[in-house]
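> Here's my sequence, what's the structure:
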Amino acid sequence: MDMLRLTISPDDDGTCELHAEVVANGFTGRGSAWFDRIQLGEFASKLEQFPLPQEPRTEIQGGFWSKELKDKLEQCHLSISAYPIDSRGNLGVQVCVSTPTWEQDRPESRHSAQVELITTYTRMSAFAGQLARLALLQTSEAILESERA
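All right, here's what the predicted structure looks like:
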């Protein structure tokens with residue numbers, strides 16, 4: 001089954017490592033990034049919008065942020081974006097996962113996966129509720145199932 005599964009490892013300071021596993025059309029990717037749990041809750045709220053905006057996409061991303069430039073993501077380790085794809089209410093969810101690379105690593109050693117899930121507003125609403133509860137540590141996972149098996 002094509003799906004996105006999110007789990008978190010919370011820290012004491014209100015942040016958490018968000019772990020993502022995505023499966024789509026035979027491709028599987030796993031990755032994680034650190035987020036503030038409040039930020040996850042805000043993302044969940046945005047996913048409940050109807051209709052979702054085409055641009056800018058409803059998105060969350062994390063990884064290594066620039067120390068010099070505010071709001072500049074130098075390495076994206078996890079990105080999830082949602083957007084409408086047709087007039088029938090279908091949504092696309094683009095998930096990108098990538099391993100971190102460190103100064104001593106070769107750039108070619110980086111592993112990444114980028115997949116798109118097709119889903120609906122009904123499924124997205126259920127996922128957004130699960131994600132909100134995940135951010136509050138009230139559940140152990142949030143799962144978005146694809147409309148296409």
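
> CA only for contacts and neighbour counts going forward, please
Noted.

> Centre-most residue in this protein?
Closest residue to the average C-alpha location of the chain: I80 at 3.1 Å, with Cα atoms, centre = their mean.

> and it, what element?
I80 belongs to strand 73-84 when assigned by DSSP states H and E.

> who's in contact with stretch 113-125?
Residues from elsewhere that reach stretch 113-125, judged by Cα atoms under 8 Å, 6 or more residues apart in numbering: 2-3, 22-24, 27-29, 47-48, 50, 89-98, 144-148.

> Which of those fall within helices?
The helices, defined by DSSP state H, take in L47 from the contacts of stretch 113-125.

> Derive a ChimeraX selection command for the buried subset of the contacts of stretch 113-125.
Selection of buried members from the contacts of stretch 113-125 for ChimeraX, criterion 16 or more other Cα atoms under 10 Å:
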select :2,3,22,23,24,28,29,47,48,90,91,92,93,94,95,96,97,98,144,145,146
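
> Now the residue nearest to the centre of the chain: closest residue in space that isn't a chain neighbour?
Setting aside the residues directly before and after it, I80 is nearest to V95 in space (Cα to Cα, 6 or more residues apart in numbering), at 4.7 Å.

> hey, what's the one you found bridged with?
Here V95 sits in beta bridges with I80, V115, going by DSSP bridges.

> does it really touch Y83, like I thought?
No: the pair V95 / Y83 is not scored as a contact, 11.8 Å apart, by Cα atoms under 8 Å.

> Thanks a lot, catch you later.
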